[in-house]
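Next input, structure requested:
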Amino acid sequence: MGVTQSGGTAVGATPAPREIRVDIGELVLDGFRADPDRVATAFEHELTRLVRERGVPADGPWTADVLSGLPPLPAGLSARRLGQELARAVHEGLCGRGEVTS
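A predicted model of the protein is given here:
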């Protein structure tokens, strides 16, 4: 049992960020027949899950103009699976384990 400040942070502990915002200006999916709205929904759900479960380093903010180094993905991938794979690549980039160029 610890002492907490208003907001639920233990005294002397660094407060966890309450919000992480990822803005995607444009997502180009050449060669895929997946519904872009369904891809975006799956992407958002998976990235939210990854950040909640695994977090991201606290030394942000992060800016990436281009995400590269994605593994080859089959053109027939479902919208859900494509969104999940893209979210995983972005999460890896945010955690410093992917290839992100700016």
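
By residue count, which helix of this structure is the longest?
Within the chain, and with DSSP state H defining each element, the longest helix by residue count is helix 36-54.

neighbouring contacts of that helix?
In this structure, residues lying in contact with helix 36-54 by C-beta atoms under 8 Å, 6 or more residues apart in numbering are 20, 22, 27, 29, 32, 79-84, 86-88, 90-91, 94-95. To be clear about C-beta, it is placed using only N, CA and C from the backbone, and glycine gets the same treatment.

Mind giving me the PyMOL command for buried ones among those?
Buried members of the contacts of helix 36-54 can be picked out in PyMOL with the line below, counting by 16 or more other C-beta atoms under 10 Å:
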select buried, resi 22+32+79+80+81+82+83+84+86+87+88+90+91+94
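
neighbours around residue 54, how many?
Neighbours of residue 54 under the rule other C-beta atoms under 10 Å: 10.

so where's this protein uncertain?
1-18, 58-70, 97-102 (pLDDT under 70).

One more pass at 80, please.
Scanning the chain for pLDDT under 80 picks out the ranges 1-30, 56-72, 93-102.

which strands and helices sit next to the helix or strand hosting residue 90?
If you go by DSSP states H and E, residue 90 is part of helix 79-94. Secondary-structure packing of helix 79-94 (3 or more C-beta pairs under 8 Å, 6 or more residues apart in numbering; DSSP states H and E): helix 36-54, strand 66-68.

thought residue 94 was touching residue 56?
Yes. Using C-beta atoms under 8 Å, residue 94 makes contact with residue 56 at a distance of 4.6 Å.

Okay, now stretch 30-40: how far is its last residue from its first?
When the termini of stretch 30-40 are compared using C-alpha to C-alpha, to the nearest Å, they are 15 Å apart.

Which positions in that stretch come out as buried?
By 16+ other C-beta under 10 Å, the buried positions in stretch 30-40 come out as 32, 34, 39.

Turn these into JSON lines, including distance to residue 51.
Formatted as JSON lines, these follow (distance: C-beta to C-beta, whole Å):
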{"residue": "32", "distance to residue 51": "24"}
{"residue": "34", "distance to residue 51": "23"}
{"residue": "39", "distance to residue 51": "18"}
